[in-house]
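Colleague: kindly generate the corresponding structure for this input.
(chains A and B)
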Amino acid sequence: MNMIEKILAKRSGRNKVAPGEVVVCEVDCALLHDLSARSCRLVFENKMGGTIAHPERIVTVFDHQFSSPSEEKAIALQGTREFCYRHGMPLYDCGSGNIHNVAVQMGHIRPGDLVVGSDSHSPVQGVMGTFCASLGNDSYAATVMPHSKAWFRVPETIRVELTGTTRPGTTARDVALWLCSVIGEGKVNYQAIKFCGEYIDSLPLWDRWLFTLMAVDVGAKAAYVEPDKTTLDFCDSLGLAGCEVEKDDPGTTFIADWKWDVSDLEPQICFPPTVGNVAPIRKYAGTPIQYAELGGHGGGRLLDVEMAARVLAKKPKQERVKFNVVPGSRHVFSMAAKSGDVALLHERGATWFPASTGSNQAVNMGAMAAGETMISTHVRNFPGRNGSPKANMFLASALSVAAAATAGKIIDPREFL
Amino acid sequence: MASDASSKDFPTMRGRAWQFGDNVPTDQIVATAVVMSPMEVVLKHVLEELKPEFPGSVRQGDIIVAGDHFGQSSGRGVAAKAIQAAGVACIAAESFARTFLRNCYEIGLPIIECPGAGRLARDGEIVSVDLVSGVVRNETTGATLKARPVEPFLLTMLKAGGIIPLVKKSGPDLGFKDR
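Modeller: Below is the predicted model of the structure:
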């Protein structure tokens, strides 16, 4: 069995599981954000009721709204807040950060555990050596909240090996964007992906993150990186102890083995209208932008802030661009404040926003008018997600986003090396 | 698990077709702006970005036919619920995003994966779907397709009316405990 099959077997009380079987598993942690927590609460209260089996395992992060933008939203947040307090479920309120970053940073994700998430990018947590898949409201209300259980069809797993070393200017985000296009949107529906190889091994945990993050966009149910020294050192830094780490059994086979060399890859950009449209960024050089944003699931890491600070130290923001910086967690802001990057980016023209998921779906910020364009580290670019369906969202690395912010247009970020 | 559901539980559905392309995101089924609104408000906007006439013209028993990866993007449960509340009886698509597929069966909305579904019918043509035999047919043109079999557990859940009725009937292990 591979790592995720072993976790599904362990948590369903079996010795063995095989792809295609349906199993009911014990859930170690369940993640909700402000939008989904409200729907799950309403379904639970209206159709199930009763007690929550393990309230300490149901973790809610208010991340789309760092503050209530309307009375309607305030009422929704108030209802969820009271629900969390009443049942004793952990709540990270407005201003805590992005659901996925907060869950990891606050120690809720442990190697060997089975995690579920309401957000579609929940498979990202497989970076920690967990099994993590997304579930909808009714799974939460019917089995996760009242019984701490969930059903799963055991997925087939594809092994994706990345070799080589990237050139200067090509970041892990560029490789992940490119990989989404070469695998293709929705092409590995219902399956899982194992990311491995010397390139993945060489990356710090927060860069590996970008690969398990993109898995859902190629259709995957789950993704993982086998836990190694990098994972365990990261766990130590969070003070996590006693994890039941799982790894692939020796000789594990996969339904497909795909291998790519990343050595010659240029910086990439994802262009509208969907996430599978990716090209070398030089092909879009010169495209005017009005907004640049570091934030969302694919940005707001400390690494992103550091990259942007290096760029803006060389050249300030172009005066007409609105450059938003949104930390993924309070920890990121704290570290950036201590290093001086908060002041540097502010003084060079960037605007800091509260730790949150930023302009994701324009719930709190980031709506655009028809004809406006943003380049960001977000993960999605579907028309209408950020205001007008006639606005354009480009997705790129923090380096490319910061470079564009200095130029007022998309440029090849290698100018800043 | 063998399903306790049989063909008599799922009579053939017949309805007017609504045709959609590939990679339809849940964001365009129910836009974020109305995600927190009551269902009667959501229903005024369901799928309107792709077909402005859909919210006003959709009728009970209509069938959506679509291309690959229908329901991708956000896992918002309201996307499946709004399609169901609009009266759609079934969706036949080349493939579905997995969270959307799960959400549909968990609320008792049948959907079926069917190669060729994206080009089977134009809006308004009459389509029939037999979940158990997997026969998906354009009754207007006579074109017939064969869908992939539905996972037996999903049929069991569908027969119960969704995951909530199933858990109430079969308990926290959803009927798997005695296997």
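
Colleague: residue in chain A nearest to chain B?
Modeller: Closest residue of chain A to chain B, CB to the nearest CB: residue A:186 (3.0 Å). Where you see a C-beta, it was placed from the backbone N, CA and C, and this is true even at glycine.

Colleague: now do the contacts for the closest residue in space to that residue that isn't next to it in sequence.
Modeller: Closest residue in space to residue A:186, ignoring its immediate chain neighbours: residue B:69 at 3.0 Å, by CB to CB, 6 or more residues apart in numbering or on different chains. Residue B:69 sits next to A:185, A:186, A:189, A:219, B:22, B:23, B:24, B:94, B:95, B:96, B:97 when contact means CB atoms under 8 Å, 6 or more residues apart in numbering or on different chains.

Colleague: tell me how many other residues crowd the third one.
Modeller: Think residue A:189. By other CB atoms under 10 Å in any protein chain shown, 20 other residues sit near residue A:189.

Colleague: which strand or helix spans it?
Modeller: Using DSSP states H and E, residue A:189 falls within no helix or strand.

Colleague: so what's the nearest residue to it once chain neighbours are set aside scoring on pLDDT?
Modeller: In space, and not counting its chain neighbours, residue A:189 is closest to residue A:219: 3.9 Å by CB to CB, 6+ apart. Here, the pLDDT recorded for residue A:219 equals 92.

Colleague: I figured residue A:214 hits residue A:379, correct?
Modeller: Yes - counting by CB atoms under 8 Å, residue A:214 touches residue A:379, with 7.3 Å between them.

Colleague: which residues do those two both contact?
Modeller: Residues touching both residue A:214 and residue A:379 by CB under 8 Å, 6+ apart: residue A:275.

Colleague: check contacts around the residue of chain A closest to chain B.
Modeller: Contact partners of residue A:186, counting by CB under 8 Å, 6+ apart, are A:218, A:219, B:22, B:23, B:68, B:69, B:72, B:95, B:97.

Colleague: tell me which element it falls in.
Modeller: Counting by DSSP H and E, no helix or strand carries residue A:186.

Colleague: can you name the residue of chain B nearest chain A?
Modeller: Among all residues of chain B, residue B:69 sits closest to chain A, at 3.0 Å; criterion: CB to the nearest CB.

Colleague: gap between the residue nearest to residue A:189 and residue A:139?
Modeller: 19 Å (CB to CB, to the nearest Å).

Colleague: higher neighbour count, the two?
Modeller: residue A:139 (29 against 23).

Colleague: would you mind naming the helix or strand containing the more buried one?
Modeller: Applying DSSP H and E, one finds residue A:139 within helix A:137-139.

Colleague: if I look at the closest residue in space to residue A:393 that isn't next to it in sequence, how far off is residue A:217?
Modeller: Using CB to CB, 6+ apart and skipping residues adjacent in sequence, the residue nearest residue A:393 is residue A:381, 3.9 Å away. According to CB to CB, residue A:381 and residue A:217 sit 11 Å apart.

Colleague: overlap in contacts, these two.
Modeller: Contacts common to residue A:381 and residue A:217, judged by CB under 8 Å, 6+ apart, are residue A:275.

Colleague: so what's residue A:306 up against?
Modeller: Counting by CB under 8 Å, 6+ apart, residue A:306 has contacts A:336, A:339, A:341.

Colleague: again, only using 7 Å
Modeller: Neighbour list for residue A:306: residue A:341 [criterion: CB atoms under 7 Å, 6 or more residues apart in numbering or on different chains].

Colleague: that one is in what secondary structure piece?
Modeller: Element membership of residue A:306, judged by DSSP H and E, is helix A:302-314.

Colleague: and the next element down the chain from the helix holding residue A:139?
Modeller: According to DSSP H and E, the helix or strand after helix A:137-139 is helix A:145-147.

Colleague: quick check: mean pLDDT of that next one?
Modeller: Computed over helix A:145-147, the mean pLDDT rounds to 98.
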